[in-house]
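> give me the fold of what follows.
(2 chains)
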Amino acid sequence: MTETWFLAAVWVGLALLAVLIAIKLRISTALTEIVVGTVAQLVFAATIGTAFLGAKQPWIAFLAGAGSIVLTFLAGAELDPVVFRARWKEATAIGLVGFFAPFLGCAAIAHYVLHWPARPAWLAGVALSTTSVAVVYAVMLELGLNKTQFGKAILAACFINDLGTVIALGLIFAPFTVRTLIFVGVSAAVFAILPWLTPRFFQRYSGRVSELEAKYLLLLLFGMGGLATWSGSEAVLPAYMIGMVLAGTVGKDHALVRRLRTLTFGLLTPFYFIRAGSFVSVPALLAAPLTFVVLFFAKSVTKFVGVFPTTKVFRYGKDEAVYTTLLMSTGLTFGTISALFGLSHGIINEAQYSHLVATVIASAVIPTVIANAFFLPRHHLPATLEEEENAPSKPAATADTK
Amino acid sequence: MLKTILAAFDGSDQSRKAFEFAVEVATKFGAKMVVVGVIQLPEPAVSIEIDAMLDRGKTHFAEEFAALAKKLEPLGIAVEWRTAVGHPAEQIVREAEDCHADLIVMGRRGLTRATRWILGSVSERVLRYAHCPVTVVTVVK
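Model prediction:
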């Protein structure tokens, strides 16, 4: 037990370091945790030993897995069911195209250009098909678009996109046996009953210091997660679906969500992201840098090719169409979950995992960096002022006649 | 004639100095004040962090603004309190345009050259893109 406590101290110490770096550089804690995990594994492997960090230890794997499950649940619970029902056609169309275009395109490029075998190529397609709801939401918040129907429809499309990713992850690599049928059948029943049962159960027993609601949700998530992995699927699939079906009830309970967030953010997700980062091999990345470049452009281009025309079908203006397309080209959480699933199940090797995670991170960071470099307040200046800035200099006489 | 003064506030010593300067100017000109606090989200954002930062940011600014409002009560200045989300420079410029500010008053953090290169300087960006005059208040240590 002594070694376990010391190892736990190392992991929590790394999480603390990641937070300090994130605060200093004003970047996402998830990103710094992945990078810290990568660097820590590199340093420990070179100095103490490859197995020192113990990322494959069962208790670390459990905490990391629990982190990904609860994170996925909370992501699903953010869906706004009212807006989705109001604009489900365009949300579904844009979301599905946003999923299928990069899923099929990146899988094809991984297979035919990078010569990855079929299963790793499909996994690459899944990992690179994601859209970060958080990134989209953050930009919407800045511009006040989260309150508009347009913004809400785009957010709903992102949920559909990620739903496609999660379903693909859960079903493509499943062996399709009797167990799979049992899993699908039980899941369907659970998803149908939960919206009716949960609010009644909470109304009857909630509001106590014993955190009944959190225990109820964790029972669901762990139970369905176990059933999913028993059937050869992935635990985040039912977690996301449970989040979506409970979005109208649990998702609206901000106090409960806040408590779950504290548990997840404070303890679970650091283990998940640091562990995900620890499996990234820097030597593998440096040995084949073009692989990362190919995958990054594959994701960006396929997203654009898929989403941009679809927005035109719904008569989006040019600026809105480009804006929507650019926003849907990122994806950090589900991308790393997909990649880690592939590595854990032997679908991809360490080098392929490293390239996928690097691509997923780049797809979250590079567009943001470019946006920051070019975003500047002049984008929001009145059009007349911008035109005056770009116009060639005029003689003084004509300026007076304006 | 200054009718509306926007003061950017984040709770730092510099922003408090800037706020005091803005109050002094507003008193002399009989201007209205718009005080803006910006919640800056991490990048790239992750859902769980966004919600946590929004919660914490709103609480932080609610408390700070309440304390500032008490100080302004005896002075009889018209004040509007706003909380924005996003990049501080962009939101300050946007809010200034929105409220037709005649002057922006803000503090300066005094970053090192390296940090300024990595993070950028909010005050420099606002100076560059604001539609109105900008006063940057520096705290001399």
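
> next one, pLDDT for residue 13 please.
You didn't pick a chain, so chain A it is. Confidence at A:Gly13, expressed as pLDDT, is 95.

> that's the wrong chain, I wanted chain B
88.

> with the one 4 residues further on instead?
If you check B:Lys17, the pLDDT there is 93.

> what's B:Ala26 in contact with, if anything?
B:2, B:5, B:32-33, B:77 (CB atoms under 8 Å, 6 or more residues apart in numbering or on different chains). Any C-beta I mention is one placed from the backbone N, CA and C, and that applies to glycine too.

> what do you get for B:Thr27?
B:Thr27 touches B:75, B:77, counting by CB under 8 Å, 6+ apart.

> let's see it at 6 Å
Contacts for B:Thr27 (CB atoms under 6 Å, 6 or more residues apart in numbering or on different chains) come out as none.

> leaving out chain neighbours, which residue sits closest to whatever residue of the stretch 1-150 of chain A ends up closest to chain B?
Closest to chain B within the stretch 1-150 of chain A is A:Glu142: 3.1 Å, counting by CB to the nearest CB. Distances taken as CB to CB, 6 or more residues apart in numbering or on different chains place B:Gly86 nearest to A:Glu142, at 3.1 Å, with adjacent residues excluded.

> and that neighbour, how many neighbours?
B:Gly86: 21 surrounding residues under other CB atoms under 10 Å in any protein chain shown.

> pretty sure the residue of the stretch 1-150 of chain A closest to chain B contacts B:Ala89?
No. Contact criterion CB atoms under 6 Å: A:Glu142 and B:Ala89 do not qualify, at 11.5 Å.

> who are the packing partners of whichever helix or strand A:Gly151 is part of?
Here A:Gly151 sits within helix A:149-172, counting by DSSP states H and E. For helix A:149-172, the packing partners by 3 or more CB pairs under 6 Å, 6 or more residues apart in numbering or on different chains; DSSP states H and E come out as helix A:81-86, helix A:88-112, helix A:118-127, helix A:133-143, helix A:236-245, helix A:333-344.

> give the full set of residues in contact with the closest residue to A:Met244 other than its chain neighbours.
Spatial nearest neighbour of A:Met244, excluding adjacent residues (CB to CB, 6+ apart): A:Gly76 at 4.3 Å. Residues counted as contacts of A:Gly76 (CB under 6 Å, 6+ apart) are A:240, A:243-244.

> and A:Gly76, how far is that from A:Ile160?
Distance, A:Gly76 to A:Ile160, using CB to CB, to the nearest Å: 12 Å.

> before we move on, what about A:Ala358?
In terms of CB to CB, A:Ala358 sits 26 Å off from A:Ile160.

> could you do B:Ala22 as well?
46 Å.

> these two: which is more packed in?
In this view B:Ala22 and A:Ile160 are compared by other CB under 10 Å, and B:Ala22 has more residues nearby, 27 against 22.

> just give me how far the one helix or strand that one maps to sits from the chain centre.
If you go by DSSP H and E, B:Ala22 is part of helix B:13-29. Centre-to-centre, helix B:13-29 and its host chain are 11 Å apart (CA atoms, centre = their mean, to the nearest Å).

> who does the helix or strand that it is followed by pair up with?
Under the assignment DSSP H and E, the closest C-terminal helix or strand after helix B:13-29 is strand B:32-39. Its sheet considered, strand B:32-39 pairs with strand B:4-8 (parallel), strand B:79-85 (parallel) by DSSP bridges.

> and strand B:32-39 with helix B:13-29, angle?
160 degrees (axes from the mean of the first three to the mean of the last three CA atoms, to 10 degrees).

> can you tell me the residue of chain B closest to chain A?
B:Gly86 (3.1 Å).

> tabulate the helices and strands packed on helix A:149-172 (a markdown table), appending mean neighbour count.
Output for those, formatted as a markdown table (neighbours: other CB atoms under 10 Å in any protein chain shown):
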| stretch | mean neighbour count |
| --- | --- |
| helix A:81-86 | 15 |
| helix A:88-112 | 22 |
| helix A:118-127 | 24 |
| helix A:133-143 | 24 |
| helix A:236-245 | 26 |
| helix A:333-344 | 25 |
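
> mean pLDDT added to these, as JSON lines?
Formatted as JSON lines, the helices and strands packed on helix A:149-172 follow (pLDDT from 0 to 100):
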{"stretch": "helix A:81-86", "mean pLDDT": "77"}
{"stretch": "helix A:88-112", "mean pLDDT": "89"}
{"stretch": "helix A:118-127", "mean pLDDT": "94"}
{"stretch": "helix A:133-143", "mean pLDDT": "76"}
{"stretch": "helix A:236-245", "mean pLDDT": "90"}
{"stretch": "helix A:333-344", "mean pLDDT": "90"}
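
> between those helices, which gets nearest to B:Val93?
B:Val93 lies closest to helix A:133-143 among the helices and strands packed on helix A:149-172, at 12.1 Å (CB to CB).
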